[in-house]
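Q: show me the folded form of this:
(chains A and B)
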Amino acid sequence: MLACVRPQNITFSFLRASDILIEFLEVAIHNVLYVRNIYPTSIFVRRKKYGVPVQMSTHPYLNEYITECLKTIKDLLTKNEVRKVTVVFFDEAQIPVERFIFDILDLNRTLNQDDPYFIKGEEALRGFCLKLAMTGSNLKPLPSKSTFRVQLHTIEAVSVSLAEEPRYQDFPWIETVEQETEVMNPSIVPIRTLDTGFHKLQVYVEESGEK
Amino acid sequence: MAAKKAKLQEQFSEDVAKEGSSQSNASSNIFHGVAIFVNGYTVPSADSLKRMMMMHGGMYHHYQSDKTTHIIASNLPNCKLKQLRTMKVVKPNWIVDSVQEHRLLDYRQYLLYTSRAQARLNFGQSEVESVTVVQGTKTVSENNKSASIIQTDMSTSDVAEEKQLSHATARNATEPNFLSEFYSHSRLHHISTMGALFKQYVTQLREESDGRFPGQKRLREFGTMNNNSQNLSSDRTIMHIDMDCFFVSVGLRDRPHLKGLPVAVTHAKGNIAPSHQRKGVDLAFEMNYYKQKSEIETVSNVDEIDSLSEIASCSYEARKCGLKNGMFLGTALKLCPNLKTIPYDFEGYKEVSYCLYNTVAAFTLDIEAVSCDEMFVDCKDVLRNTCTSPVQFASFLRQEIKDKTGCSASAGFGSNRLQARLATKKAKPDGQFYLEPSMVTNFMLDIVVEDLPGVGRNLTSLLHVMGARTCSDLQRFSQAHLQQEFGVKTGNALYMHCRGKDDRVLSFSHQRKSVSAEVNYGIRFTSQEEATAFLKQLAGEVSSRLKKIKLKGRCITLKLMVRAKEAPIETAKFLGHGVCDHVTRSSTLTTAVADQDTIAREVLSIAKQLSVKPSDMRGVGIQVTRLESDSMSSKFLDRFLLRATRGTQQANSSRAPKEERNTQQTVRASNVGSPVVQNRVSPQQASSNIAPQQEVCTSKGELTSRLQFEISPYEVCDLDEEVLAALPEDIRQEILQTCQSSSNLQVQKDEVVTNMKSPVIEQVDMSLYNSMTVNQVRSLMKEWVSCEDTPQPCDVSMLADYLERQVASRNIDDIILVVRCLYRCVYKKKSGVWQEAYHNIMKKVQDMMLVVYGAKLKLQDTFT
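A: Numbering: from 1, shown residues only, chains lettered A, B, ... in the order given. Below is the predicted model:
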């Protein structure tokens, strides 16, 4: 009955890789929201992840949104259909002013024999969390009443399949137009390029010149 | 009452006058200024004491007053003792002995109790008396439990005694001056450092030696006097000198009356009853442990009140009673009740040891120091130079040692260390023995295995199990069997040694291997802070020792003695370490250190890792190994740097062989040959040197060709004639033409040279950029910006190329670091040209960014 039949060629390690990446994205999105200060800090609690303190939202609606996004991303990841995940911030006029780009450079790696306990990988993730906390100082503050959206950069066919997939009916994905994705006159602040052994991921911020 | 006292006083003086007139011959004035009060029953009686005082100028008080200087008593009950807190309570023997010796003796020898309520026992006193004293102690200490007693010093001499009183305060390691106290009193510390001290001393003597040995002349005279030099020894003769029961004989120098009696050197005075049963002491457990461990009778018969201090050395008379070094005093006293104990005399040991070494050094410097009283001497040279036999040499030397030090030494000769040592054993006491090569085989047969070097308790018991008690037993085993049983090294050593063979050579100059400080007495911490503070102190001690000998170490080891799980909390020996587990851990540093802070930091971090409960620590030691001298470490550094640069060079060449070769070629070209020549010639000649250069030149493009161009006018004067001659006619003509035309450019030459240099260097850099880490690129860039006034366009384009390539490979993390660094450098430079160059580079980078990312990097682009 379930439409999401796993393709036969997916290996165990690939699944694990997507799990790790999803977990990481969850941590990252929560932290980005915290760092960019678009919600009151009181909705965040401090947790420990990868051996460093990270911030997690406790707001049920916000968390639901993030979880639903990640569910979809995970499905797409297992099919290797995601190119980028972006967290886009909009100002009051719904013009994108800033976006955090998680550029998935490489995901299709097999299990890394050099790092069976994922120590180096975790180190990379830890490094990112620390770097992210610093990045706030390099960016201009967001305008008040900003909002955010999670956007996925995928392949053409996905948008069709997403629309038809009954599981996503409660959490529909819509295709965006360029005005809603592209930051005007952008400048890039690199955050970090992570190589966990399972995936290579480049994270950077595009900041609008007219913020 | 006062009147009565005054009257009694008067009466006494009258009596004195009367006595004085009647017995003027016996009277003296030795007790002048002494006023005694006799308290309780004494032997001799109060009355006879009074008469003695009368006759010898002292005062006798019937009632104690503030003028009374001493109280005479044999025994005092508690309540009286409390009252007499500050008074000197002296035994009646003081008076008697003083009268006998016709001088006022030091009352401190006769104190019934010291001010700290410590009983003092004098050995050599009658049995009865010591019993009474023991009882006295008991009463006192029951009363006074908090004042536990440590004897930190054991000298009976007056000075030392005073010291003891003042030092008796340092109790355990938690107190601040514990460490210094410990090291000024610890016997083992003295003895062990003396070995190292003399090794050092021999090295020093060897360094300072002028090659003349005054002793040899004397010996030659001695030899010719006895003129029997026919007995010349074999080529190699090792002598082993060992002082006879060193500590005892040094101690007996000032105590001639004890000669011939059983004497032991120890710090304790005898079987002092335990001052109080300390809580948690489980003597039986510890004894059991020691017994299991040693299987030797040293610990047998130890009961509750026996002293647990060890005998450091005992005389041969005492050894006859079955005493051994290392026995507990309590046991020893049972075996030999009339044993005399004498205290340590560290200054004396040092003095005698120096004397011994100096004496031997007058003959030869081929000395290997073993300890303060023991050494190996290679006497090949001495015997040859002086034409004496070993026996003559030994008797001469021993006589000299005896004359100078007053202590006897034994000497053994053999053809190797082992034989010499065994010969000494046979020679003892006060003798000499020359184990001639012909005797060795028979001699070895009767040697018991314990006497072989390296055979300790463990090995002995193992060998006994195998049925090997003497070397003759041991000789029956094959080498393979021994090696299989004990490991390759030990097995081989046993095999050789039991046949009297020993290939260990003497090492005359001593190289220090480690420096350490260890304390395993008085370690009772109650908190982590105390332990930390103590470790810091100990680190300071190690550091000061390192500095004293001008060394630094790279490996720091922390040794802990931790109370064994089943061991009782309080040890039988007061503040001793009891039964312990040994924990050792070390850490190696990248550089050699000697300062307290670094050592302390390392040690504390190790301690943290070990996480031993401070209250369970019983011993702490810090050892520093892998020593380097200060000067050596800088040498190491140099060598390391050299290696490092060579390493990178190799790495580069391996990574980019082409570029490297190209660089070499180019440099070579600029030095010797002409690039014109090369360019022209190579296609025809296909010389192996030149061909690759050609390849690279063409592939490298602009930069290289620019280089070539700049160099070409330079090759004027030093054309290689041979090369020229070998060239085809038309090419030679062309070259000569070029030379002539460029000789007109002589004026420009200098300028060209300077111009030429930097591209060559930068070209090396170019190849480096590829294999360099970001940090290396940054430091290179810093150097570049700070060195040059104006940026060379080629360098600029090269850096831009590099950055563009990085953008293309999406390395924006690295780029941002490099670019920010460049910005800072240029900003500091405050030069318009540089800022322009920066902008040029950034423009290229941003263009590339737009292509790859569709966005520019966020960068500072103004210099305001």
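
Q: can you list the weak-confidence ranges in chain A?
A: Residue ranges of chain A with pLDDT under 70: A:1-16, A:108-116, A:211.

Q: can you show me the strands along it?
A: Here chain A has its strands, by DSSP state E, at A:44-49, A:52-57, A:82-90, A:96-106, A:147-154, A:186-195, A:200-208.

Q: most packed of those strands?
A: The highest mean neighbour count among these, using mean count of other Cβ atoms under 10 Å in any protein chain shown, belongs to strand A:200-208: a mean of 22. Glycine gets a C-beta too; all of them are placed from N, C-alpha and C.

Q: which neighbouring elements make contact with it?
A: helix A:12-35, strand A:96-106, helix A:119-135, strand A:186-195 (3 or more Cβ pairs under 8 Å, 6 or more residues apart in numbering or on different chains; DSSP states H and E).

Q: that strand vs helix A:119-135, what angle?
A: 10 degrees (axes from the mean of the first three to the mean of the last three Cα atoms, to 10 degrees).

Q: how near is B:Leu197 to B:Ala369?
A: 9 Å (Cβ to Cβ, to the nearest Å).

Q: near chain B, which residues of chain A are found?
A: A:105, A:138, A:183, A:186-190, A:192-193, A:202, A:204, A:206-207 (Cβ under 8 Å from any Cβ of the partner chain).

Q: chain A contacts on chain B?
A: B:810-813, B:815-816, B:849, B:853-859.

Q: determine which two of the residues you listed are furthest apart.
A: By the measure Cβ to Cβ, B:Asp813 and B:Gly854 form the most distant pair in those, at 18.1 Å.

Q: the two - which one has more neighbours?
A: B:Asp813 (18 against 12; other Cβ atoms under 10 Å in any protein chain shown).

Q: the more buried one against A:Pro190, yeah?
A: Yes - using Cβ atoms under 8 Å, B:Asp813 is in contact with A:Pro190, at 5.1 Å.

Q: spatially nearest residue to A:Glu92, not counting backbone neighbours?
A: A:Lys145 (4.8 Å; Cβ to Cβ, 6 or more residues apart in numbering or on different chains).

Q: and the one you found, what are its phi and psi?
A: phi 60, psi 40 (degrees, to the nearest 10).

Q: check B:Lys513 too.
A: phi -100, psi -30.

Q: so it versus B:Ile367, what's the distance?
A: For B:Lys513, the distance to B:Ile367 - Cβ to Cβ - is 19 Å.

Q: ok, those two, which is more surrounded?
A: A direct count of neighbours by other Cβ under 10 Å for B:Lys513 and B:Ile367 places B:Ile367 higher, at 25 against 10.

Q: B:Phe376 is in contact with the more buried one, correct?
A: Yes - counting by Cβ under 8 Å, B:Ile367 touches B:Phe376, with 7.2 Å between them.

Q: for stretch B:74-86, list every residue counted as buried.
A: Buried residues in stretch B:74-86, counted by 16 or more other Cβ atoms under 10 Å in any protein chain shown: B:74-76, B:81, B:84.

Q: out of the residues you listed, list just those in helices.
A: Counted as lying in helices by DSSP state H, out of those, are B:Leu81.

Q: using CSV, lay out the buried residues of stretch B:74-86 together with pLDDT and distance to B:Trp94.
A: Converted to CSV, those look like this (pLDDT from 0 to 100; distance: Cβ to Cβ, whole Å):
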residue, pLDDT, distance to B:Trp94
B:Ser74, 81, 11
B:Asn75, 80, 15
B:Leu76, 77, 15
B:Leu81, 73, 18
B:Leu84, 70, 16
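
Q: pick the one among the buried residues of stretch B:74-86 closest to B:Leu252.
A: B:Ser74 (31.5 Å).

Q: if I pick the closest residue to the closest one other than its chain neighbours, what's in contact with it?
A: Among residues not flanking B:Ser74 along the chain, B:Thr42 sits closest, at 5.1 Å (Cβ to Cβ, 6+ apart). By Cβ atoms under 8 Å, 6 or more residues apart in numbering or on different chains, the residues touching B:Thr42 are B:49, B:72-74, B:92.

Q: which of those residues lies closest to chain A?
A: Proximity of the contacts of B:Thr42 to chain A, judged by Cβ to the nearest Cβ, is greatest for B:Ala73, which lies at 73.8 Å.

Q: go ahead and confirm that closest one touches B:Gly40.
A: Yes - if you go by Cβ under 8 Å, B:Ala73 and B:Gly40 touch, sitting 5.4 Å apart.

Q: who has more neighbours, the two?
A: B:Ala73 (24 against 13).

Q: quick check: the more buried one vs B:Leu112, distance?
A: 6 Å.

Q: and if you look at B:His464?
A: 51 Å.

Q: more neighbours, those two?
A: The residue with more neighbours, out of B:His464 and B:Leu112, is B:Leu112; 24 against 14, by other Cβ under 10 Å.

Q: nearest residue to the more buried one in space, ignoring adjacent ones along the chain?
A: B:Val89 (4.4 Å).

Q: per-residue pLDDT, the one you found?
A: Reading off the confidence values, B:Val89 has pLDDT 82.

Q: following element in sequence after the host helix or strand of it, please.
A: Per DSSP states H and E: B:Val89 is located in strand B:88-90. Proceeding C-terminally, strand B:88-90 gives way to helix B:93-101 as the next helix or strand, assigned by DSSP H and E.

Q: what comes up buried for that following helix?
A: Buried residues in helix B:93-101 (16+ other Cβ under 10 Å): B:93-96, B:98-99.

Q: give the other helices and strands that it contacts.
A: helix B:46-55, strand B:70-72.

Q: could you point out which element follows the longest one?
A: When you say that, I think you mean helix B:46-55. Assigned by DSSP H and E, the successor of helix B:46-55 is strand B:59-61.

Q: what are the pairing partners of that next one, and which direction each?
A: Strand B:59-61 has the following sheet partners, assigned by DSSP bridges: strand B:35-38 (parallel).

Q: C-alpha coordinates for the strand it pairs with, PDB please?
A: Extracted in PDB, the C-alpha atoms of strand B:35-38 (Å, rounded to 0.1, in the frame of the first residue of the first chain):
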ATOM      1  CA  ALA B  35      70.200  23.100  91.900                       C
ATOM      2  CA  ILE B  36      68.400  19.800  92.000                       C
ATOM      3  CA  PHE B  37      65.300  18.600  93.600                       C
ATOM      4  CA  VAL B  38      64.800  14.900  94.000                       C
END
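
Q: before we move on, back to that, nearest to chain A among the buried residues of stretch B:74-86?
A: Closest to chain A, out of all of these and judged by Cβ to the nearest Cβ, is B:Leu81, at 66.0 Å.

Q: returning to what we had before: out of the buried residues of helix B:93-101, the closest to B:Gln11 would be?
A: Among these, and counting by Cβ to Cβ, the member closest to B:Gln11 is B:Ile95, at 20.2 Å.

Q: how about low-confidence regions in the stretch 651-800 of chain B?
A: Residues of the stretch 651-800 of chain B that meet the cut-off, pLDDT under 70, sit at B:651-771.

Q: for it, give the residue positioned nearest to chain A.
A: For the stretch 651-800 of chain B, Cβ to the nearest Cβ, closest residue to chain A: B:Val774, 12.2 Å.

Q: touching, that residue and B:Leu817? I think so.
A: Yes - counting by Cβ under 8 Å, B:Leu817 is a contact partner of B:Val774 at 5.5 Å.

Q: shared neighbours, these two?
A: Joint contacts of B:Val774 and B:Leu817 (Cβ under 8 Å, 6+ apart) do not exist.
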